[in-house]
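**Student:** pasting a predicted model and its sequence here:
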Amino acid sequence: MKKTVLFLILSALAAGIILTGRVFALQNVQMKDSDYGMNMYTPAFPLVFEDLKEKIVKGKVEFIGYHSSMVDTLEAIESPKNRLDEKFYYHTVVKRTPASKKKIEADIKEKFNEKSSILDMVQWEPPCEEDIILYAMVKKNIEFLKRFEILDPLPFNNSKEEFKYFGTKEKSEYFKAQTKPLFYKDENNYAISLKTKTGDEVILYMPSENDLKEKSVHKLWAQLQKKIKPDSFREDDKFLAPFIEIKELISYDDLINKEIKGTDFIIAKAIESVEFSLDNEGAKLKNEALIMLEKCALMAEIQPRYFYFNKPFVLFIKEERRENPYFMVKIRDAKYLVKS
């Protein structure tokens with residue numbers, strides 16, 4: 001099969017999850033401001049951005065001395081609240097305290113029976129009620145009407161390695177009810193919709209190579225809408241798609257230390273985790289995002305400081321009039337500590 005580029009659009013998730021590429025293990029990704037929305041859209045970060053806009057800034061989000069194309073994109077796209085039923089997402093704005101963390105953990109346990117992948121990346125001790133945490137989780141599982149057949153391993157885009165695939169093999173007629181062609185121009189330009197038990201659609205679209213490279217996922221979705229026409233899956237038609245597993249921790253480092261206009265806050269942390277899988281049975285999504293706000297530098301100078309040595313540190317002892325210490329030791333773990 002010629003170059004296969006898979007765009008998965010979970011439109012009826014209405015979360016607009018759009019993915020490209022492949023990830024098989026946890027991977028740290030630093031997202032450039034200008035790249036946001038180019039290769040992927042996830043609903044969790046737009047949720048926390050809306051809370052930042054509506055509950056903190058109470059207006060348009062702008063930074064002092066910095067223009068963000070990421071913010072431009074977030075301002076331009078439709079709200080995830082219009083894409084996804086409320087039962088599939090959770091979001092909150094809290095003070096940075098251990099009690100707040102426990103509250104979030106209890107809430108997502110009750111709503112989704114899930115644990116967070118990112119809350120431990122925030123320092124909750126010592127507590128600081130001047131700092132604000134904006135957090136969101138999206139969780140949804142979808143199931144195909146019928147399990148697709150597991151196919152023989154194949155390369156992807158002429159790769160040397162072979163990968164797992166699912167689709168139709170001998171039973172094309174059996175899967176007719178859940179496979180709906182959206183359009184077919186030629187062997188390099190087509191799209192298909194897969195129906196599910198949950199009322200979602202999994203849509204796979206192969207655009208031209210140039211469009212794939214140059215257009216954002218939002219523009220490719222708009223492009224696809226113009227190409228759709230009535231069609232049906234025929235007896236001799238075939239379908240295959242690769243198993244997908246995405247596990248990424250995305251850091252939006254270009255936003256760090258940016259002062260938000262009209263507030264006395266800077267962004268101290270902006271992260272998002274994406275855990276997504278697609279196989280012959282359906283798809284699973286767990287998506288979290290977090291923004292931590294701190295008081296700006298001028299305000300921070302009047303805040304109390306905490307010299308807590310409850311993490312690895314180095315101890316030195318010297319005589320006051322001597323230049324160098326006579327005893328030095330690294331306290332890297334609990335080896336030298338005294339139990340209570």
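**Tutor:** Noted; the coordinates are in hand.
**Student:** state the mean pLDDT of the helix or strand harbouring Tyr135.
**Tutor:** Assessed by DSSP states H and E, Tyr135 sits inside strand 128-143. Averaged across strand 128-143, the pLDDT comes to 95.
**Student:** next one: stretch 193-204
**Tutor:** Computed over stretch 193-204, the mean pLDDT rounds to 90.
**Student:** buried residues in it?
**Tutor:** Along stretch 193-204, these residues count as buried under the neighbour rule (16 or more other Cβ atoms under 10 Å): 193-196, 198, 200-204. To be clear about C-beta, it is placed using only N, CA and C from the backbone, and glycine gets the same treatment.
**Student:** and those, which two are the farthest apart?
**Tutor:** Distance extremes for the buried residues of stretch 193-204: the farthest pair is Thr198 and Leu204 at 17.4 Å, using Cβ to Cβ.
**Student:** so, low pLDDT: which residues of this structure?
**Tutor:** Within the chain, the segments meeting pLDDT under 70 span 1-26, 296-311, 313-317, 319-320, 322, 325-331, 336-340.
**Student:** the helices in it, which residues?
**Tutor:** 44-51, 69-76, 98-112, 209-214, 217-227, 297-300 (DSSP state H).
**Student:** number of residues surrounding the residue lying closest to Lys286 once chain neighbours are set aside?
**Tutor:** The shortest distance from Lys286 to any residue other than its chain neighbours is 4.3 Å, reached at Glu275 (Cβ to Cβ, 6 or more residues apart in numbering). Residues near Glu275, counting by other Cβ atoms under 10 Å, number 18.
**Student:** do I have it right that Glu275 meets Ser117?
**Tutor:** Yes - look at Glu275 against Ser117 with Cβ atoms under 8 Å: they come within range, at 7.0 Å.
**Student:** if I look at Thr42, how far off is Asn287?
**Tutor:** Using Cβ to Cβ, to the nearest Å, we find Thr42 at a distance of 5 Å from Asn287.
**Student:** gap between the residue positioned nearest the centre of the chain and Glu78?
**Tutor:** Nearest to the mean C-alpha position of the chain, by Cα atoms, centre = their mean, lies Val274 at 3.6 Å. Between Val274 and Glu78 the distance is 19 Å, computed by Cβ to Cβ.
**Student:** and Lys213, by the same measure?
**Tutor:** Remark: distance between Lys213 and Glu78 (Cβ to Cβ) = 25 Å.
**Student:** please report phi then psi for Ser68.
**Tutor:** The phi/psi pair for Ser68 (degrees, to the nearest 10) reads phi -110, psi 120.
**Student:** what's near enough to touch it?
**Tutor:** By Cβ atoms under 8 Å, 6 or more residues apart in numbering, the residues touching Ser68 are 33, 254-255, 258.
**Student:** so which of these wins on neighbours?
**Tutor:** Counting neighbours by other Cβ under 10 Å, Leu255 leads the contacts of Ser68 with 22 neighbours.
**Student:** does that residue touch Ile267 like I think?
**Tutor:** Yes - here Leu255 reaches Ile267: they are 4.9 Å apart, a contact under Cβ under 8 Å.
**Student:** now do the strands in the stretch 51-200 of the chain.
**Tutor:** 89-96, 128-143, 149-154, 163-167, 179-186, 189-195 (DSSP state E, counting those that start in this stretch).
**Student:** parallel or antiparallel, list what pairs with the fourth one.
**Tutor:** With DSSP bridges as the criterion, the sheet partners recorded for strand 163-167 are strand 149-154 (antiparallel), strand 240-242 (antiparallel).
**Student:** and those: which comes nearest Glu281?
**Tutor:** Proximity to Glu281 (Cβ to Cβ) singles out strand 149-154 among the strands paired with strand 163-167, at 10.1 Å.
**Student:** buried set for the closest one?
**Tutor:** Those would be 149, 151, for strand 149-154 by 16+ other Cβ under 10 Å.
**Student:** show me the contact partners of that strand.
**Tutor:** Residues outside strand 149-154 that contact it (Cβ under 8 Å, 6+ apart): 1, 162-171, 240, 280.
**Student:** so which pair among these is furthest apart in space?
**Tutor:** Farthest-apart pair in the contacts of strand 149-154 is Glu162 and Lys171; separation 22.7 Å (Cβ to Cβ).
**Student:** using CSV, write out every CA atom in stretch 189-199.
**Tutor:** What follows is stretch 189-199, C-alpha atoms only, in CSV (Å, rounded to 0.1, in the frame of the first residue of the first chain):
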residue,chain,number,x,y,z
ASN,A,189,-7.0,10.7,-1.3
TYR,A,190,-10.0,9.3,0.6
ALA,A,191,-11.8,9.1,4.0
ILE,A,192,-13.9,6.6,5.9
SER,A,193,-16.1,6.7,9.0
LEU,A,194,-16.3,3.9,11.5
LYS,A,195,-19.5,3.7,13.6
THR,A,196,-19.5,2.8,17.3
LYS,A,197,-21.9,1.5,20.0
THR,A,198,-21.4,4.8,21.8
GLY,A,199,-22.8,7.1,19.0
